[in-house]
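In: take a look and give me a structure for this.
(one chain, ligands or ions: 2)
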Amino acid sequence: MASSTLFHSSLLPSHRRTRKPMAVKSAAASPLQPSSPPDTRQHHHRLPEENIRDDARRQRNGAPTPTHKLFSAKYVPFMKSESAKGRTDEWYSLDEIVYRSRSGGLLDVEHDMDALSQFDGQYWRSLFDSRVGKTTWPYGSGVWSKKEWVLPEIDDDDIVSAFEGNSNLFWAERFGKRFLGMNDLWVKHCGISHTGSFKDLGMTVLVSQVNRLLKMNRPVVGVGCASTGDTSAALSAYCAAAGIPSIVFLPSNKISMAQLVQPIANGAFVLSIDTDFDGCMKLIREVTAELPIYLANSLNSLRLEGQKTAAIEILQQFDWEVPDWVIIPGGNLGNVYAFYKGFKMCHELGLVDRVPRLVCAQASNANPLYQYYKSGWTEFKPVKASTTFASAIQIGDPVSIDRAVVALQNSNGIVEEATEEELMDAMAQADSTGMFICPHTGVALTALNKLRGSGVISPTDRTVVVSTAHGLKFTQSKIDYHSSEIKDMECRFANPPMGVKADFGAVMDVLRTYLNKAPRK
Ligand SMILES: Cc1ncc(COP(=O)(O)O)c(C=O)c1O
Ligand SMILES: N[C@@H](CCOP(=O)(O)O)C(=O)O
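Out: Ligands and ions are numbered 1, 2, ... in the order given. The predicted structure is shown next:
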């Protein structure tokens, strides 16, 4: 049945703050008071020409210690082993425009851990907790609430933020119980976000730094990326908010309509290119080497500084208890490293006592990391990624492959894969328990299903599945599934609407039949 028939068009959709005084945490008594939230009780009557940036500026001016003088970060060559760290004197200021090390390898953002460790784990926990849920500029953001660990030297005025982060950590009670026999399963909904994916977390950092570079008169005329749809959406939104030109390279006919319309609506210069994501990535790298267009893909290690805050947020949401497992869908493979980095910093700085085990989940149609893992990490071969419903991870030559290996090896990690049928069934099952997830989250849930099946993950293990995008960006895949019109797929959990005449008797008949056979699941 054609989806147009099944999903008939008739079924489709034709301050003032009066806040209580803030609880004062122990962090407020520390010498780092400037980064604590300002006392907003004084600001009931802001002048008409003032805004929350002015509130923040006023607070900073009265601050005893400017935090940006205490903490710092720089680019260093990315090292595959811990022991190799510190063996090079190569480093770059974050104000330089550089994406690769001298040898052509990846870069990493290295924080001054000695400076950060002058404050103990309790201090950082209290400071981060004290900032959650506020509109204090910019610390109300889930990313900028961890500013000292992200981009410590940027001026608050240069920050471009949509108060991103602080996403729901959803207790998947019914899904866990019904399909996996689990009682402590959680879904970190990173897709319930400004542009509908976790990319907002990294993009606020990258675009803020570009904003700073522009104020420093650095040679940047715009910001560009290759994308499977989510990076481009985040880039164009943050650039539009800051008035910075954005340029996006998209593989023609390989991203969802909802994703395509995002950069168009936000005023980006959109190039639809007759190739796949890997082809677009190659082109944007060549172009950004020639033109003063700043590269916004996760090859640029700045992005991962924002993305790592999702890991810190998970710990915070569990009141700083470490989950046993965190499962992340992987494509270009920056995010799995970002999560590792967030967990590792929390461990190193004494906020928690260990890092969780990480699982990276790939679509079988685009599984270079899985194949590398299965070879015992002996041989990495890029693949030609085939079409997958998890279109945002249709990537065959991930730029962060080395970063992903470090993350997995140092967290006793695992790589799993999901066939098209497995990921679509998992998505449908999750949706049937009240979620509305994207196919990439279906990939991660399949990995969980397999690891539960083999007994690697036990029923009581506290497990977090990272949901990377909003399901509303991928409605066509759900329509295809529930229409049972996917070639070679049984669509076991399809739930098509039933057509019925506008007649009381006919409606009563179908309802009686339904109620007779519909047990509470
Ligand atoms: C929705 C979604 N999930 C997962 C991923 C994978 O993230 P990464 O490329 O960092 O591995 C991406 C992008 O690649 C994505 O857009
Ligand atoms: N899924 C991504 C692919 C590019 O990843 P990036 O993290 O390197 O930007 C997208 O949405 O474009």
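In: in three-state terms, label the residue lying closest to I486 once chain neighbours are set aside for me.
Out: Nearest residue to I486, sequence neighbours excluded (Cβ to Cβ, 6 or more residues apart in numbering): D480, at 5.3 Å. For the C-beta atoms, the positions are set from N, CA and C on the backbone; glycine is no exception. Look at D480: counting by DSSP: H, G, I helix; E, B strand; the rest coil, its state is helix.
In: tell me how many other residues surround D480.
Out: Per other Cβ atoms under 10 Å, the neighbour tally for D480 reads 18.
In: what's the answer for R46, then?
Out: R46 has 15 neighbours, counted by other Cβ under 10 Å.
In: you'd agree it is up against D55?
Out: Yes - judged on Cβ atoms under 8 Å, R46 makes contact with D55 at a distance of 7.2 Å.
In: circling back: gap between the residue nearest to I486 and D488?
Out: According to Cβ to Cβ, to the nearest Å, D480 stands 13 Å off from D488.
In: check S252 too.
Out: Plainly put, S252 is 25 Å away from D488 if you go by Cβ to Cβ.
In: neighbour count: these two, which is higher?
Out: Ranked by neighbour count (other Cβ under 10 Å), S252 and D488 place S252 first, with 13 against 6.
In: how about that one: what's its closest non-neighbour residue?
Out: S272 (4.7 Å).
In: with A430 instead?
Out: Spatial nearest neighbour of A430, excluding adjacent residues (Cβ to Cβ, 6+ apart): I437 at 5.0 Å.
In: before we move on, what about T135?
Out: With Cβ to Cβ, 6+ apart as the criterion, T135 has its nearest non-adjacent residue at 6.4 Å, and that residue is I52.
In: neighbours of the residue in the stretch 1-150 of the chain that ligand 1 sits nearest to, how many?
Out: Relative to ligand 1, the nearest point of the stretch 1-150 of the chain is L106 (13.3 Å; Cβ to the nearest ligand atom). The number of residues packed near L106 is 21, by other Cβ under 10 Å.
In: next: the one 5 residues further on.
Out: For H111, the number of neighbouring residues by other Cβ under 10 Å comes to 21.
In: now swap in A84 and tell me
Out: 11.
In: how about it, phi and psi?
Out: Here is the backbone geometry of A84 (degrees, to the nearest 10): phi -80, psi -10.
In: residue contacts, the residue nearest to A430?
Out: The contact partners of I437, taken as Cβ atoms under 8 Å, 6 or more residues apart in numbering, are V187, G191, M427, A430, D431, L445, S467, G471.
In: again with S411
Out: Residues in contact with S411 (Cβ under 8 Å, 6+ apart) are Y340, F343, V355, P356, R357, L358.
In: mind redoing it with 7 Å?
Out: S411 sits next to Y340, V355, P356, R357, L358 when contact means Cβ atoms under 7 Å, 6 or more residues apart in numbering.
In: likewise for F71?
Out: So F71 contacts D112, A115, L116, E148, P152 (Cβ under 7 Å, 6+ apart).
In: keep only those of those that are in helices.
Out: Per DSSP state H, helices hold the following members of the contacts of F71: A115, L116, E148.
In: now, among the contacts of I437, which is nearest to ligand 2?
Out: For the contacts of I437, the nearest to ligand 2 is G191 (11.5 Å; Cβ to the nearest ligand atom).
In: correct me, but that closest one touches V465?
Out: No - with contact defined as Cβ atoms under 7 Å, G191 and V465 do not form a contacting pair (11.9 Å).
In: one step back: can I have the buried ones of the contacts of F71 as a PyMOL selection?
Out: Selection command for PyMOL covering only the buried members of the contacts of F71, criterion 16 or more other Cβ atoms under 10 Å:
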select buried, resi 116+148+152
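In: buried ones in stretch 340-354, by neighbour count?
Out: The neighbour-count check on stretch 340-354 (16+ other Cβ under 10 Å) flags Y340, K341, G342, F343, K344, M345, C346, H347, L349, L351, V352 as buried.
In: which residues sit in contact with the first one?
Out: If I follow you right, that is Y340. Going by Cβ under 7 Å, 6+ apart, Y340 touches L358, A407, N410, S411.
In: tell me the secondary structure for it?
Out: Using three-state DSSP, the secondary structure recorded for Y340 is helix.
In: tell me the contacts of the residue in the stretch 151-300 of the chain that ligand 1 sits nearest to?
Out: Ranking the residues of the stretch 151-300 of the chain by distance to ligand 1 (Cβ to the nearest ligand atom) places D230 first, at 3.5 Å. With contacts defined as Cβ under 7 Å, 6+ apart, the neighbours of D230 are S197, K199, Q259, A392, A469.
In: ok so the fourth one is a strand residue?
Out: Going back to what we said before, that points to A392. No - the assignment for A392 is helix, going by three-state DSSP, so no strand is present there.
In: hang on, the earlier thing: so can I have a markdown table of the ones in helices among the contacts of F71 showing distance to ligand 2 and pLDDT?
Out: Below are the ones in helices among the contacts of F71 laid out as a markdown table (distance: Cβ to the nearest ligand atom, whole Å; pLDDT from 0 to 100):
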| residue | distance to ligand 2 | pLDDT |
| --- | --- | --- |
| A115 | 29 | 98 |
| L116 | 26 | 98 |
| E148 | 24 | 98 |
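In: quick revisit: the contacts of Y340 in helices, which ones?
Out: Here DSSP H is the test, and the contacts of Y340 give A407 as lying in helices.
In: so which elements touch the top helix by length along the chain?
Out: Using DSSP H, we find that the single longest helix of the chain is helix 199-215. Judged by 3 or more Cβ pairs under 7 Å, 6 or more residues apart in numbering; DSSP states H and E, helix 199-215 is in contact with helix 230-242, helix 302-307.
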